[in-house]
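>>> sequence and predicted model, in that order:
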Amino acid sequence: MTLTLLLACQKKGMDVLAEWPWEEEEETPATDENAPSDATLDKWTDVSTDFGALPEYIKVYRSPENLEGKKAVAYIAIADMVSAQWDVWSISDPEMDGTDDKFKTPQEVYKGETWPIIINAGFFYASGGKNYSSSLAVRDSEVLTYNITYASETWNVGEIYYPTRAALLQTESGEFDACWTYGNWDSHYMYPSPAANTWEAKPVEQPSKDYPEGAEEFAARTAIGGGPLLIDGGKFKDTFVEELFNGTSGIGPDSNQPRTAIGVTSDKKMILFVCEGREMTEGVLGLTTADVANVLLDLGCVEAINLDGGGSSCMLVCGKETIKVSDGTQRAVGSTIMIK
């Protein structure tokens, strides 16, 4: 789903979303309720050894036959970030003018660096012979690309919107956070809540250091953008309306689609999620962004964002595909997330 309100960047020069059926067990010692556990993974199947040798701190699981009441084919990679490392690959376009950097398939990224786990990441598009990213990417504290800063469905005067878009970041001190961001090389902020946009109303003011409330200057060692933000502080969010991911050129957040997402638990386990859709397997239509949020909450995530989906959705484990990609072959994308 690369065409997701991303035409905004093309307009850069214009002015200015029972009963308990089991017997009760003996009481067990309290554990961190937000960490992935045997209880939350009991219906998932550990398939780590199916793909080759993985570090002991990385595990891969296949979903049960149903998620959120829907037939599903999904995979998660869980990495203990006390031992694991994560990174992003992205085209580089910090000036937001378009670049000659080539999009890459996840397989091409794997061949370049042989990371055990790779998934597709942010939104992107091509126009006028140039490649563009519409999602934030930060590597080694350097911003390679920014989340988009404006969007419209009509491009009429008075109908240009300035959405805050989701990002998952890790600070220099190692802490993880999901937040909403806005800005570019000139000024770049992160917020604890999104700007209150909706296609059903006139645009709200352009985000700044004063709006939305609680702005901080953006800073991260590693970060990836996308959206909508799914979980913040352990609470369900799914802010596709405020992030303007619905509408005629959106990602169909409330329709069943292949999806990719990233989340982190309170004890710093990173979870990468990918699911099939569009009946690549008979009867498997995919999930909504709300479904994905609920799955990640069940797995203990306290911070999580949605990433590009549809034909872009892909997870490689030791260079091998997990789901059947809905394009039939891997799509060349603008960014990826890697773990080793």
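Right, received. Where do you want to start?
>>> report the helix or strand with the lowest average pLDDT across the protein.
helix 38-41 (a mean of 70; mean pLDDT, DSSP states H and E).
>>> pLDDT averaged over the following helix or strand past that one - what is it?
Sequence-wise, the next helix or strand downstream of helix 38-41 (DSSP states H and E) is strand 45-46. Across strand 45-46, pLDDT averages out at 98.
>>> just stretch 104-123 next, same as before
The model assigns stretch 104-123 a mean pLDDT of 96.
>>> how about stretch 213-224?
98.
>>> give the buried residues for it.
Of the residues in stretch 213-224, 215, 218, 220-224 count as buried by neighbour count, 16 or more other C-beta atoms under 10 Å. Backbone N, C-alpha and C define where each C-beta goes, glycine included.
>>> got the CA positions of that stretch in PDB?
The C-alpha coordinates for stretch 213-224 follow below in PDB (Å, rounded to 0.1, in the frame of the first residue of the first chain):
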ATOM      1  CA  GLU A 213       0.700  20.200  23.500                       C
ATOM      2  CA  GLY A 214       3.700  18.500  25.000                       C
ATOM      3  CA  ALA A 215       6.000  19.000  22.000                       C
ATOM      4  CA  GLU A 216       9.700  17.900  22.300                       C
ATOM      5  CA  GLU A 217      12.500  18.300  19.900                       C
ATOM      6  CA  PHE A 218      12.800  15.100  18.000                       C
ATOM      7  CA  ALA A 219      15.900  13.000  18.900                       C
ATOM      8  CA  ALA A 220      16.600   9.300  18.400                       C
ATOM      9  CA  ARG A 221      19.400   6.900  17.800                       C
ATOM     10  CA  THR A 222      17.200   4.700  15.600                       C
ATOM     11  CA  ALA A 223      13.600   5.300  14.400                       C
ATOM     12  CA  ILE A 224      11.100   4.200  11.800                       C
END
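>>> what segments of the protein are helices?
Secondary structure of the chain by DSSP state H: the helices cover 38-41, 106-113, 289-298.
>>> I'd like the distance between the residue nearest the centre of the chain and R259.
Central residue of the chain (C-alpha atoms, centre = their mean): L307, 2.8 Å from the mean position. Noted for L307: a distance of 8 Å to R259, by C-beta to C-beta, to the nearest Å.
>>> next, give phi and psi for the residue lying closest to G128 once chain neighbours are set aside.
Among residues not flanking G128 along the chain, G98 sits closest, at 7.0 Å (C-beta to C-beta, 6 or more residues apart in numbering). Dihedral pair for G98: phi 90, psi 150, per degrees, to the nearest 10.
>>> thought G98 was touching S133?
No. Checked against C-beta atoms under 8 Å, the pair G98 and S133 is beyond contact range at 9.7 Å.
>>> and the two? Which one has more around it.
The neighbour count for G98 versus S133, taken as other C-beta atoms under 10 Å, is higher for S133 (32 against 20).
>>> tell me the pLDDT of the more buried one.
Reading off the model, S133 has pLDDT 98.
>>> so who does the closest residue to it other than its chain neighbours touch?
Spatial nearest neighbour of S133, excluding adjacent residues (C-beta to C-beta, 6+ apart): T145 at 3.8 Å. Residues in contact with T145 (C-beta atoms under 8 Å, 6 or more residues apart in numbering) are 90-94, 96, 122, 133, 135-137, 225, 334-335.
>>> T322 now?
60, 62, 75, 274, 315-316.
>>> just those residues: which are in strands?
60, 62, 75, 274, 315-316 (DSSP state E).
>>> what's the most distant pair in the residues you listed?
Set against one another by C-beta to C-beta, the ones in strands among the contacts of T322 have their most distant pair in R62 and L316, with a gap of 14.7 Å.
>>> between these two, who's got more neighbours?
L316 (25 against 17).
>>> roughly how far apart are the closest residue to that one other than its chain neighbours and G128?
Spatially, and ignoring its direct neighbours in sequence, L316 is nearest to I118 (4.5 Å; C-beta to C-beta, 6+ apart). Look at I118 and G128: by C-beta to C-beta, they are 29 Å apart.
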